[in-house]
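**Q** Turn this into a structure:
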Amino acid sequence: MGANSSLGPPSREATTEDAGRAWNAESAPEPTLQEEAPPGTSGYRRALKSLLVYSGGIVAAKLASVILVPLYTHRLTQAEYGTLELLDVTLQAATKLLWGGLPYAFWYFYTNRNTEQERRRVVTTAVLGALAVGSAGALAGSALAPWISELLWGSRRNAALLWILFAGMACAFPFEVMLNWFRVIDEPVKYVASGMGRLVLQVAGAVFLLMVCGLGIAGVLWSSVLAGGAGAAVLLVYGLRRNGMGVDPRLFGRMLVYATPSIFVGLCSFLSHFGDRYFLLRSVSLSELAIYSLAYKFGMLITLMQYAFQAYWNAQVFEIAKRPSSSVLLGRALTYLTLALCGATLAITAFVKPVLRLLAPPAYAACAPLVPLICAAYVAFGLSAYFQTLFYVRKRPGSDAILSGAGALTAGLAYLILIPRYQLWGAATATLLSFAVTLLLGIVWSRRFIHVQCEWGRLSKVVVSAAALAVVCQCLPLHSTVAQVAAGACVLLGYATLLVLTDFLNQSEKRVVHSYLARLRLFAQR
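**A** Numbering: from 1, shown residues only. Predicted structure coming up:
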């Protein structure tokens, strides 16, 4: 929808065992592929297949939002683009307040039910409960719209835009519950098809309402509301037909109690992610805010890897943590997540300048230097989110609340100190400090109740190699698009080469890589 909108958050037979086998420890005796999975199937391959399907949908959604950048930056003024950013941030705040930890509550209660009938009741209860919460939120937001508009813009002229914005919440929440259900039963195709269907409708609506109807910001908002409503209607019918109408109000009450600490967590998360926009509004113009918004859009592409990982992992970790080898599996997952985040950071850093030239007018060129710093912040965020998920696995949402509070407090203080003096750079630096504090506390705190066997040697190889090459990429005095693209390709190739030379892959991973290379050679010979 707005500047930072994204595709919001897996059958039971192929979940825990296969997910667990994908992260067998290097320190443990290396099992054969036959021991890792049923005959003819590798645990790595099965987990990788689900990850790739989830990743495809999430990547497509994020890329579609980037593809819309030329439409927004050319059809809207910089001030309007900045206004759109504030609207999107306001929706994020409302969502954090109302949605909070309900996805975790749904996963927790679903995985702790022993019969299929009980699980169906959890799904139906969560879907209809989310519809009720979303509708109540839409009504409350609409009532407060004039006051919010006056608070943000100094007048009530944007109240109508806020009414459109909040109307979409009634449909968005049940839609997200259905997506979470597809994740927990490991149905990646349905998950991706549902998200992509909504996305296609939203993109088509935005193009029509902006280019044909000339509705400006209102057209962008209406495209999101209409697409979300259509998607929610289809999934609601499908979900109720599959799971019946067995609603348990007491169960939903227990879900809300479980998720209550996450309201505070959500608000703290909002302050760390988006609070800088409100502080910037007092120090910079809407046009400068638009530049920061676009830089943030590129920087947050790092979350492509995080969300793809979480789409599979977060729904499975509750049961994986019950396995005797859970500490090893958790450590292996952390290594893979770090590799993905650092690789994505390097790719974005390498290609942001030529891509920006293609997507936005020259007035937005000033956002490029900010992107690597924002990417670094979101590496720290992705890793901290990994540890915060473990709090919910051990039924400690209160610990997440305390940790998130520490991050939000750091962000708030950094915003107050850095933004008035350094403006856009101060905002990006404050975000990095906030996520770094959350990550460090998460690592230390999680050790009190769950053991993660971190592969520190491999983690250091990933981080140091990526950081060194990112610095090299930023220091290269290249100005032509062709030279920048060529240099970016060389940097990524150098990253892969460094990991190979430092013996990053263990024996199991080497076998998987060799297997896929052999398949590629056979395919090329046909």
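
**Q** what residues does stretch 105-119 touch?
**A** For stretch 105-119, contacts defined as Cβ atoms under 8 Å, 6 or more residues apart in numbering pick out 121-123, 126, 177, 180-181, 184, 246, 251, 254-256, 258-259, 314-315, 318-319, 392, 395. To be clear about C-beta, it is placed using only N, CA and C from the backbone, and glycine gets the same treatment.

**Q** just how off-centre is the lengthiest helix in the chain within its chain?
**A** Using DSSP state H to define each element, the chain has its longest helix at helix 397-446. Centroid displacement of helix 397-446 relative to its chain, using Cα atoms, centre = their mean, to the nearest Å, is 18 Å.

**Q** Kindly report the same for stretch 208-225.
**A** Its chain's C-alpha centre and that of stretch 208-225 lie 25 Å apart, by Cα atoms, centre = their mean.

**Q** swap in stretch 204-224?
**A** That offset, for stretch 204-224, works out to 25 Å (Cα atoms, centre = their mean).

**Q** And for stretch 165-181?
**A** The answer for stretch 165-181 is 16 Å, by Cα atoms, centre = their mean.

**Q** Show the average pLDDT along it.
**A** Per-region confidence: stretch 165-181 scores 90 on mean pLDDT.

**Q** Dump that stretch to CSV, restricted to CA.
**A** What follows is stretch 165-181, C-alpha atoms only, in CSV (Å, rounded to 0.1, in the frame of the first residue of the first chain):
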residue,chain,number,x,y,z
LEU,A,165,-7.0,3.4,5.5
PHE,A,166,-8.7,2.0,8.6
ALA,A,167,-11.5,0.4,6.6
GLY,A,168,-9.1,-2.2,5.3
MET,A,169,-8.4,-3.6,8.8
ALA,A,170,-11.7,-5.5,9.0
CYS,A,171,-10.6,-7.7,6.1
ALA,A,172,-6.9,-7.8,6.7
PHE,A,173,-6.9,-9.6,10.1
PRO,A,174,-9.0,-12.7,9.1
PHE,A,175,-6.9,-12.9,5.9
GLU,A,176,-3.7,-13.0,7.9
VAL,A,177,-5.1,-15.8,10.1
MET,A,178,-5.8,-17.9,7.0
LEU,A,179,-2.2,-17.3,5.8
ASN,A,180,-0.9,-18.4,9.2
TRP,A,181,-3.0,-21.5,9.0
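
**Q** if we can go back for a sec, just list what the longest helix of the chain packs against, helices and strands only.
**A** Applying 3 or more Cβ pairs under 8 Å, 6 or more residues apart in numbering; DSSP states H and E, we find helix 397-446 packed against helix 261-281, helix 286-299, helix 371-393.

**Q** hmm, back to that, buried ones among the contacts of stretch 105-119?
**A** 121-123, 126, 177, 180-181, 184, 251, 255-256, 258-259, 314-315, 318-319, 392 (16 or more other Cβ atoms under 10 Å).

**Q** Inside helices: which ones of those?
**A** Among those, DSSP H puts 121-123, 126, 177, 180-181, 184, 251, 255-256, 258-259, 314-315, 318-319, 392 in helices.

**Q** any idea of the mean pLDDT in stretch 474-487?
**A** If you average the pLDDT over stretch 474-487, you get 87.

**Q** so how far is residue 315 from the most centrally placed residue in the chain?
**A** With distances taken as Cα atoms, centre = their mean, the residue of the chain nearest its centroid is residue 307 (4.0 Å). As defined by Cβ to Cβ, to the nearest Å, residue 307 lies at a distance of 12 Å from residue 315.

**Q** mind listing what the closest residue to residue 246 other than its chain neighbours touches?
**A** Spatial nearest neighbour of residue 246, excluding adjacent residues (Cβ to Cβ, 6 or more residues apart in numbering): residue 121 at 4.4 Å. Residue 121 makes contacts with 113, 243, 244, 246, 247, 248, 251, as judged by Cβ under 8 Å, 6+ apart.

**Q** Tell me the one of the residues you listed nearest residue 300?
**A** Closest approach to residue 300 among the contacts of residue 121 (Cβ to Cβ): residue 243, at 33.8 Å.

**Q** Leaving out the residues flanking it, which one is nearest to the closest one?
**A** Nearest non-adjacent residue to residue 243, counting by Cβ to Cβ, 6+ apart: residue 120, 4.0 Å away.

**Q** wait, what's in contact with the one you found?
**A** By Cβ under 8 Å, 6+ apart, residue 120 lies in contact with 242, 243, 244, 246.

**Q** what do you get if the cut-off is 10 Å, keeping everything else the same?
**A** By Cβ atoms under 10 Å, 6 or more residues apart in numbering, the contact set of residue 120 is 110, 113, 239, 242, 243, 244, 245, 246.
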